[in-house]
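Student: Sequence and predicted structure are below.
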Amino acid sequence: MIEFSLPDHPHRRFNALTGDWILVSPHRAKRPWQGQVEKAQQDTRPPYDPECYLCPGNKRSSGDFNPDYPATYSFVNDFSALMETTPDGGYNDGELFIAESERGICKVICFSPRHDLTVPQMEVEQIKGVIDLWKKEFEDLSKVDFINYIQIFENKGAMNGCSNPHPHGQIWSSMSIPVEPSKENVRQQAYFEKHGKTLLTDYLEKELQKGDRILCQNDHFVALIPFWATWPFEAMIISKKAAQNILAFNDEESLALADIYKKLTVMYDNLFEVSFPYSAGIHQAPTDGKDYPWWHFHMHFYPPLLRSATIRKFMVGYEQLATPQRDVTPETSAQLLRSLPTVHYKQQ
């Protein structure tokens, strides 16, 4: 009889963080890097764009002018998805038609005054400045009485819906705990109550022992492709200590987070020698005043590219109607990313 093999046979993988499953079909991608590899047109942007609403000194659609900021800058989103002034209320027409009002505060975080930079091109100290601003915003927003969850995230690249190439991210804070963090909260709490340790403490320990999905690490953080990754080059940054939120990190740890953030995104850019698109976001404990000892700080990266700078993976058909699916195994993707130069391709 043929013995089952993860690298060879179709199988499902369990996402321990969410309770979801993914179908992996490695036999469909035995030689995934054959064929033409297209390169995208190089992105050549000026350091300053007079038409960019995020560049220093420029006018935004609200009529406000950005200050001449020298490093990072944050402001309330001019087109916020959540509003602080939304009145309490809702709609309820039996069990099938239910709606609730949702209050929140949405901020824009400019990473740099330079219009032509992205995270992998920034210096580690500059990236630490972004993390320091995340910490300040998280601390300030967590003190707002109706804010119960704070989602820090970055959309990079037009392919991922980014409307402005200026290096920036966002923070959406809300009354309710969003769907994905809610699922992770349930799984992490159950694991902690059963084992007395965070789920990601044990998961990270085992991943470090195996090594085949590890991308890079430093004294305080690890970047890896998770066992249950859905996107071809999906990755996570996990803190080595079980921190409930970003405020648990001192200056040394914040610098280490900046270092691993840069290393991972340099790998991404070097893969197809393009400014690699992704959506990234931090998952951490709610801010509703309760203690969450089972929460363990981590950052998700969801890049859409598949085989080249222009070929992306689409979540369609079976993936929308049944179960997410991938061909290239997480182990193969990790091996490919690890093999890349550590210096950004524009500096080589």
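Tutor: Ah, there it is.

Student: Could you list the buried residues of stretch 54-72?
Tutor: 54-56, 58, 66, 72 (16 or more other C-beta atoms under 10 Å). (Glycine included, C-beta is placed from N, CA and C.)

Student: So, low pLDDT: which residues of this protein?
Tutor: 30-42 (pLDDT under 70).

Student: Strands of that one, residue ranges please.
Tutor: 11-14, 21-24, 73-76, 90-92, 98-100, 104-110, 149-156, 168-174, 214-217, 221-224, 235-239, 278-283, 298-302, 325-326 (DSSP state E).

Student: Any idea which of those gets closest to Q335?
Tutor: strand 214-217 (9.9 Å; C-beta to C-beta).

Student: Just give me how far that closest one sits from the chain centre.
Tutor: 16 Å (C-alpha atoms, centre = their mean, to the nearest Å).

Student: With stretch 75-95 instead?
Tutor: That offset, for stretch 75-95, works out to 25 Å (C-alpha atoms, centre = their mean).

Student: Out of the buried residues of stretch 54-72, give me the two with the largest separation.
Tutor: N58 and T72 (16.0 Å).

Student: if we can go back for a sec, switch the buried residues of stretch 54-72 over to TSV; also include distance to T118.
Tutor: Formatted as TSV, those follow (distance: C-beta to C-beta, whole Å):
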residue	distance to T118
L54	13
C55	15
P56	17
N58	19
N66	19
T72	14
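
Student: From those, pick the one nearest L23.
Tutor: When those are compared against L23 (criterion: C-beta to C-beta), the nearest one is L54, at 39.7 Å.

Student: Can you give me the distance of the closest one to S61?
Tutor: L54 is 11 Å from S61, where distance means C-beta to C-beta, to the nearest Å.

Student: related to what we said a few turns ago, mind checking the strands of the chain for the one nearest to E123?
Tutor: Distance to E123, taken as C-beta to C-beta, is lowest for strand 104-110 among the strands of the chain, at 16.1 Å.

Student: gap between that closest one and the chain center?
Tutor: 16 Å.

Student: Residues contacting it, please?
Tutor: Strand 104-110 is contacted by residues 54, 66, 69, 72-77, 80-84, 86, 130, 133-134, 137, 141, 144, 147, 152, 166-175 when judged by C-beta atoms under 8 Å, 6 or more residues apart in numbering.

Student: Drop anything exposed from those.
Tutor: Among the contacts of strand 104-110, the ones that count as buried by 16+ other C-beta under 10 Å are 54, 66, 72-74, 77, 82, 130, 133-134, 137, 141, 144, 147, 152, 166-175.

Student: And stretch 224-242, end to end?
Tutor: 17 Å (C-alpha to C-alpha, to the nearest Å).

Student: Mind listing what's buried along it?
Tutor: Under 16+ other C-beta under 10 Å, the buried positions of stretch 224-242 are 224-240, 242.

Student: Which strand residues bridge F153?
Tutor: Counting by DSSP bridges, F153 is bridged to Q170, G281.

Student: How many residues are close by it?
Tutor: Counted with other C-beta atoms under 10 Å, residues neighbouring F153 total 16.

Student: Can you tell me how far S279 is from K241?
Tutor: 26 Å.

Student: how far away is the nearest residue to F65 once chain neighbours are set aside from C110?
Tutor: Excluding its sequence neighbours, the residue lying closest to F65 (C-beta to C-beta, 6 or more residues apart in numbering) is K59, at 5.3 Å. Noted for K59: a distance of 15 Å to C110, by C-beta to C-beta.

Student: Over to E154?
Tutor: From E154 to C110 the distance is 12 Å (C-beta to C-beta).

Student: now swap in A285 and tell me
Tutor: Applying C-beta to C-beta to A285 and C110 gives a distance of 26 Å.

Student: Also L321?
Tutor: 39 Å.

Student: More neighbours: those two, which one.
Tutor: The neighbour count for L321 versus C110, taken as other C-beta under 10 Å, is higher for C110 (23 against 7).

Student: Tell me what the more buried one is bridged to.
Tutor: Here C110, judged by DSSP bridges, has bridge partners Y73, H168.
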